[in-house]
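K.L.:
whatever this is, show me its structure:
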Amino acid sequence: MFARDFLLRSRIPARWVIGLLLAAIWLSGPATVRAGEDAPKKKYSLAVLIRFEGPITPLLEHFVYRKLDIAQQRKADLVIVEINSPGGLLNESLAIADRLRQIDWARTVAYIPEYQEAISGAAIAALGCDDIIMHPDSLFGDAAPIIEGKNSQFEHAPEKIRRYLVERVRILAEDKGRPAALVETMVDYEREVYRVRNRNTGEEKFMTDREFEAQGDAGPWEKIGEVVEAAGGDVFTVSGTRAVELGLAEGTAADFDELKQRYGISDEDIIILKRTGIDTAVSILNAPLVTGLLFVVGLIALYIEFSAPGIGLGGLIAVLCFSIFFWSRFLGGTADLLDVILFVSGIMFLAVEIFVLPGFGIAGLTGLILLAASLVMASHTFIVPHTPRELSELTYTLLVVFLSGGAFVVAAMVLGKHFGSFPLFNRLALQPPAPERGGEDGSEGIDASGRPNLRVGDCGVAESVLRPAGKARFGDRYADVVTEGEFIIKGRPIKIAEIHGNRVVVEEIEGTG
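P.N.:
Purely as a prediction, here's the structure:
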């Protein structure tokens, strides 16, 4: 009544009043919605793009780690991991996911572009990111673990492995607010997933058949639908559009420009961390053929250094070869400090065998075992193989080591016989000066190394077992000698066949009793 009387007295047209009221309602009511739509998206100061491509191996795992370290050093606050991978090794996939999950210095985004996929271990790795953005038609899922069974046929992993992986991926999903039931069926293909509603509160969510049955008949949850992609017995794989509908992905992007727009970044705000020369070198150096070549060259260089003692070219080449090997293995993620310690210990045992306790005995054998163990261990992330794949990798590595060792033995025999005749190597060996004249009492002269002067053809006796190195006596003179690989027992008559620097090569005198 009051409002009508006021309008009549004031003579203000009613249509004006109604228009003003509608305008006020329009301005005040939807203001919050419009502000949310029109407000500029969050602006990130620096974004980095890391391309995650190919099978997941220790090499790819540590490539991602190196790029993440660079991103942190550059103070990036947005990390985009562009994924196109069919998956790979389980432990490495979980390690990448955990590393991404623990990043607190930047927002992480798993981006799966058009015609690309994040399957198996790659899907697990993507779960570690804060956001998963996909092209509407890209693929995500199929993370059921498989093992190599009989006749090299792949088959689904047993329940024990699946249950372990289920617990790991549920942690990833719950930490990032994704449906844990859907992530579980992505791993355990036997699970079914339902959309359920709480009868009391009206809350809706996803539950596996196991979770639904566990509540019993009196439970508050009722089925309102079934996820067809998780019907049980099927490998759970979804497109980008469907992943968003199910809450597995945070959004879709038709291309990279749309992704940039979503996060409010421009080309000037993005650094693309491409593969560098170091990354390429690590991949090449981890190839079996290159590894074997490093072994052979390094061992031959060690042999040359021990044949002509002193810090010379042989020692430098050996240090370079084995340093490159361990450097590539460290960056490749398969080596650690223990492998280097074993390798250095093996070299020390060999040096003791050659210079302190001549003769191919316990010290030399221990040195060779330590060297082989260090090289094999540095080539793998495991010590004892537990799967057919790991056993196959270990067998292949052992084959490379033994073939390299065989090539070294052949090269050492050739060098031992003709060391002084090669144009380069004859300069590495220290040649003794001309023998001094004997004294008035007719005694032999002494060379620069303190060893009694010996000549090719001198005869003597093996004072120790020669296998192939040991001690020998020539009259009243003693010297360290070596055979050309033959075994000579103590007390057998011998004669000097060759002398190269401080290396005296002997052979057994045949036809003696």
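K.L.:
what's the domain layout of the protein?
P.N.:
Domains of the chain are assigned by automatic domain parsing as 2-38, 47-191+232-274, 281-426, 443-508.
K.L.:
would you format these as JSON lines with mean pLDDT included?
P.N.:
JSON lines is the format used below for the domains of the chain (pLDDT from 0 to 100):
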{"stretch": "domain 2-38", "mean pLDDT": "43"}
{"stretch": "domain 47-191+232-274", "mean pLDDT": "92"}
{"stretch": "domain 281-426", "mean pLDDT": "81"}
{"stretch": "domain 443-508", "mean pLDDT": "78"}
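K.L.:
of all those domains, which one is nearest Phe206?
P.N.:
Minimum separation from Phe206 across the domains of the chain (Cβ to Cβ) falls at domain 47-191+232-274, 4.2 Å. C-beta coordinates here come from the backbone N, C-alpha and C atoms, glycine included.
K.L.:
how long is the closest one end to end?
P.N.:
Start-to-end span of domain 47-191+232-274 (Cα to Cα, to the nearest Å) is 14 Å.
K.L.:
if we can go back for a sec, return the most buried member of the domains of the chain.
P.N.:
domain 47-191+232-274 (a mean of 19; mean count of other Cβ atoms under 10 Å).
K.L.:
quick one: the helices in the stretch 201-350 of the chain?
P.N.:
209-214, 240-246, 256-263, 277-285, 288-307, 313-332, 337-351 (DSSP state H, counting those that start in this stretch).
K.L.:
neighbouring contacts of the shortest one?
P.N.:
With Cβ atoms under 8 Å, 6 or more residues apart in numbering as the contact definition, helix 209-214 has outside contacts at Ala181, Arg191, Glu192, Val193, Tyr194, Val196, Gly219, Trp221, Lys223, Gly232.
K.L.:
of those, which is the nearest to Pro385?
P.N.:
Arg191 (30.5 Å).
K.L.:
can you tell me the closest non-neighbouring residue to Arg492?
P.N.:
Ala462 (5.1 Å; Cβ to Cβ, 6 or more residues apart in numbering).
K.L.:
the one you found contacts Thr483, correct?
P.N.:
No: with contact defined as Cβ atoms under 8 Å, Ala462 does not count as touching Thr483 (9.2 Å).
K.L.:
common neighbours of those two, please.
P.N.:
Joint contacts of Ala462 and Thr483 (Cβ under 8 Å, 6+ apart) are Val506.
K.L.:
I'd say Ala231 and Glu192 touch.
P.N.:
Yes: applying Cβ under 8 Å, one finds Ala231 in contact with Glu192, separated by 6.0 Å.
K.L.:
among the contacts of helix 209-214, who's most crowded?
P.N.:
Val193 (28 neighbours; other Cβ atoms under 10 Å).
K.L.:
so what pairs up with that one in the strands?
P.N.:
Going by DSSP bridges, Val193 is paired in beta bridges with Thr208.
K.L.:
could I get the full set of helices for the stretch 1-150 of the chain?
P.N.:
Using DSSP H, counting those that start in this stretch, the helices of the stretch 1-150 of the chain run over 2-10, 14-28, 31-38, 58-73, 90-101, 121-126.
K.L.:
the fifth one to helix 58-73, inter-axis angle?
P.N.:
Taking axes from the mean of the first three to the mean of the last three Cα atoms, to 10 degrees, one finds that helix 90-101 is oriented at 10 degrees with respect to helix 58-73.
K.L.:
quick one: residues in contact with helix 90-101.
P.N.:
56-58, 60-61, 64-65, 68, 81, 87, 108, 110, 120-122, 124-129, 145, 165, 168, 172, 175-176, 381.
K.L.:
repeat that for the last one.
P.N.:
By Cβ under 8 Å, 6+ apart, the list of residues contacting helix 121-126 from outside reads 52, 56, 81, 83, 85-90, 92-94, 96-97, 100, 110, 112, 118, 132, 140-143, 169, 172, 186.
K.L.:
try stretch 375-394
P.N.:
Residues outside stretch 375-394 that contact it (Cβ under 8 Å, 6+ apart) are 58, 91, 147-149, 152, 291, 295, 325-326, 329, 333-335, 338-339, 342-343, 397-398, 401.
K.L.:
and the furthest pair within the contacts of helix 209-214?
P.N.:
Every pair of these checked by Cβ to Cβ; the farthest is Gly219 and Gly232, at 20.2 Å.
K.L.:
which residue is the nearest non-sequential neighbour of Gly251?
P.N.:
Nearest one to Gly251, counting by Cβ to Cβ, 6+ apart, is Ile133 at 5.2 Å.
K.L.:
oops, could you answer that again for Ala125 instead?
P.N.:
Nearest residue to Ala125, sequence neighbours excluded (Cβ to Cβ, 6+ apart): Ile96, at 4.4 Å.
K.L.:
cool, and Pro145?
P.N.:
For Pro145, the closest residue by Cβ to Cβ, 6+ apart turns out to be Ala157, at 4.0 Å.
K.L.:
what sits against that neighbour?
P.N.:
Ala157 is in contact with Ala144, Pro145, Ile146, Ile147, Leu165, counting by Cβ under 8 Å, 6+ apart.
K.L.:
possible to save those residues as CSV with distance to Val456?
P.N.:
Output for the contacts of Ala157, formatted as CSV (distance: Cβ to Cβ, whole Å):
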residue, distance to Val456
Ala144, 72
Pro145, 68
Ile146, 66
Ile147, 63
Leu165, 70
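K.L.:
those in strands, which ones?
P.N.:
With DSSP state E as the criterion, strands contain Ile146, Ile147 from among the contacts of Ala157.
K.L.:
list just the nearest of the contacts of Ala157 to Gln73.
P.N.:
Proximity of the contacts of Ala157 to Gln73 (Cβ to Cβ) peaks at Leu165, which lies at 32.8 Å.
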